[in-house]
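Colleague: fold the following.
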Amino acid sequence: MTDHAVLIITRRVLLVVVVAIQLVLTLPQLVGFPHGPAAWVAYVLLTSTLGIVAGNVAAARPELPAWLAVAPLAASVLATTALPAGASFNPPDWAFGLVGWYLLLVLVERPVVLLAALSAHIGFSIAWFAHTGTGDVGTAGVVILSGTSFQLGILVITRVLHRDARLAAEAAAEHDAARTREELARQREQDLKAGFEGQLGALLPLLADLADEQVSVADQTTRLRCSVAAVQLRRLFAENDDVPDPLLHELTACVDVAERRGVVVSLAVSGTATPVPTEVRRELVAPMAQALAAANGRAKVSLLRTATEVRVAVVADAPETLPETGTTAAVTVETSVHSGLVRSEARWRTA
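Modeller: Residues are numbered from 1 along each chain as shown. Predicted coordinates for the structure are as follows:
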């Protein structure tokens, strides 16, 4: 249950309690004992406040304006000053307990303001009692203690319910967040599995051909296929590392594989790191990885990043068996071969 729901239910219960007290308990006291005209003005003022609160409760508004507490406090002054002589905290004093319930009804969501308003109400009633100089102090103490302690008890219960509702809402939110993290982790695991399966799907025919001795590692084409598979798998492993600059990390991984084969590779990087989606990174790195896999001497890789574009280019000594020039949904690839040198460039516009 949310704070909003707790507050709405609490105010509805308090509204019923106030209506019952005003009609069943206080109205007979007002009618049965002599009071000044101000007492009826106070009663009408409280009834008007009751109507405003009922309208807000019917509209399910969780909070009431704090200025609405002025009406019960004004009614307290009017009703107390209109009491017969010596009637404070006695049966004719119909407004003392009722005003406290009104303040609780109006300010239940503002405990600090409520305590200040109750203090002002009780303080004025005690001051008027002392001013008149009549009445029993013991009876007055019992009335004050019994009335206010019950109202303060209701306030404490309400705050406990609010706290429990807030803790429950926080626990529910944390549970939902945990479920979301779990689902994201599961989805990521599935994506990784699918990616690995895709790479292994390209590798399995090669392994099967080698196992069946249908191809030989002495063949240049077979070595090229093995080199391409190695670079692709190394790039896939690097793709899942948590690093500040994933694109550069994947390029470096591919360069490392080529250098292990004896290719002399130089890597030039220009511009600051730019967030690049995973799918786009794959398309940017793939042509360069293919060229490095086919390189047999030297290669130069460059990464250029500007405010509007990311470029990955490679120039390498390689045979003429490389991907053709093409354009995907996000990346444009241009590949050319001349005099034993292959030049491949992949471009992605960020804007």
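Colleague: tally of neighbours for residue 160?
Modeller: Residue 160: 10 surrounding residues under other CB atoms under 10 Å. C-beta: built from backbone N, CA, C; applies to glycine.
Colleague: how much space between residue 124 and residue 293?
Modeller: Counting by CB to CB, to the nearest Å, the separation of residue 124 from residue 293 is 90 Å.
Colleague: so these two - more neighbours on which side?
Modeller: residue 293 (26 against 16).
Colleague: in three-state terms, label the more buried one for me.
Modeller: helix (DSSP: H, G, I helix; E, B strand; the rest coil).
Colleague: ok, it touching residue 263?
Modeller: No. Residue 293 lies out of contact with residue 263 (CB atoms under 8 Å); the separation is 9.5 Å.
Colleague: and the next element down the chain from the helix or strand harbouring residue 179?
Modeller: Element membership for residue 179 (DSSP states H and E) is helix 137-211. Sequence order places helix 220-239 as the next helix or strand after helix 137-211, per DSSP H and E.
Colleague: and the contacts of whatever helix or strand comes next after that following helix?
Modeller: Counting by DSSP H and E, the element after helix 220-239 in chain order, helix or strand, is helix 246-260. For helix 246-260, the surrounding residues in contact (CB atoms under 8 Å, 6 or more residues apart in numbering) are 230-231, 234-235, 237-239, 241, 243, 265, 267, 269, 273-274, 276, 278, 281, 284-285, 288-289, 292-293, 295, 299, 301, 303, 310, 312.
Colleague: so among the residues you listed, which ones count as buried?
Modeller: Buried members of these, scored by 16 or more other CB atoms under 10 Å, are 230-231, 234-235, 238-239, 265, 269, 276, 281, 284-285, 288-289, 292-293, 295, 299, 301, 303, 310, 312.
Colleague: so which elements touch the helix holding residue 179?
Modeller: Judged by 3 or more CB pairs under 8 Å, 6 or more residues apart in numbering; DSSP states H and E, the packing partners of helix 137-211 are helix 3-20, helix 95-107, helix 111-132, helix 220-239.
Colleague: give me that answer again for 10 Å
Modeller: helix 3-20, helix 95-107, helix 111-132, helix 220-239, helix 278-294 (3 or more CB pairs under 10 Å, 6 or more residues apart in numbering; DSSP states H and E).
Colleague: okay, angle between that helix and helix 111-132 too, please.
Modeller: Computed by axes from the mean of the first three to the mean of the last three CA atoms, to 10 degrees, the angle separating helix 137-211 from helix 111-132 equals 180 degrees.
Colleague: rounded mean pLDDT for the helix or strand containing residue 70, please.
Modeller: Under the criterion of DSSP H and E, residue 70 resides in helix 70-81. Average pLDDT, helix 70-81: 91.
Colleague: that one to helix 95-107, inter-axis angle?
Modeller: 180 degrees.
Colleague: now for helix 70-81, which elements pack on it?
Modeller: Checking 3+ CB pairs under 10 Å, 6+ apart, helix 70-81 ends up next to helix 37-58, helix 95-107, helix 111-132.
Colleague: TSV for the ones you listed, including mean pLDDT and distance to residue 185?
Modeller: Below are the helices and strands packed on helix 70-81 laid out as TSV (pLDDT from 0 to 100; distance: least, CB to CB, whole Å):
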stretch	mean pLDDT	distance to residue 185
helix 37-58	89	45
helix 95-107	89	47
helix 111-132	88	42
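Colleague: most neighbours per residue, which of these?
Modeller: Ranked by mean neighbour count, those are led by helix 95-107 with a mean of 25 (mean count of other CB atoms under 10 Å).
Colleague: before we move on, the earlier item: out of the helices and strands packed on helix 137-211, which is closest to residue 158?
Modeller: Closest to residue 158 of those, according to CB to CB: helix 3-20, at 5.2 Å.
Colleague: beyond the helix-or-strand element of the chain with minimal mean pLDDT, next helix or strand please.
Modeller: Sorting the helices and strands of the chain by mean pLDDT, DSSP states H and E puts strand 326-327 at the bottom, at a mean of 52. For strand 326-327, the following helix or strand on the C-terminal side (DSSP H and E) is strand 331-338.
Colleague: relative orientation of the helix or strand just after that following strand and strand 331-338 in degrees?
Modeller: The first helix or strand that comes after strand 331-338 along the chain, using DSSP H and E, is strand 341-349. Angle between the axes of strand 341-349 and strand 331-338 is 170 degrees (criterion: the same axes, to 10 degrees).
Colleague: for strand 341-349, the distance to its chain's centre please.
Modeller: Chain-centre distance of strand 341-349: 42 Å, with CA atoms, centre = their mean, to the nearest Å.
Colleague: ok, that strand: who's next to it in the sheet?
Modeller: Next to strand 341-349 in the sheet, as set by DSSP bridges, lie strand 309-317 (antiparallel), strand 331-338 (antiparallel).
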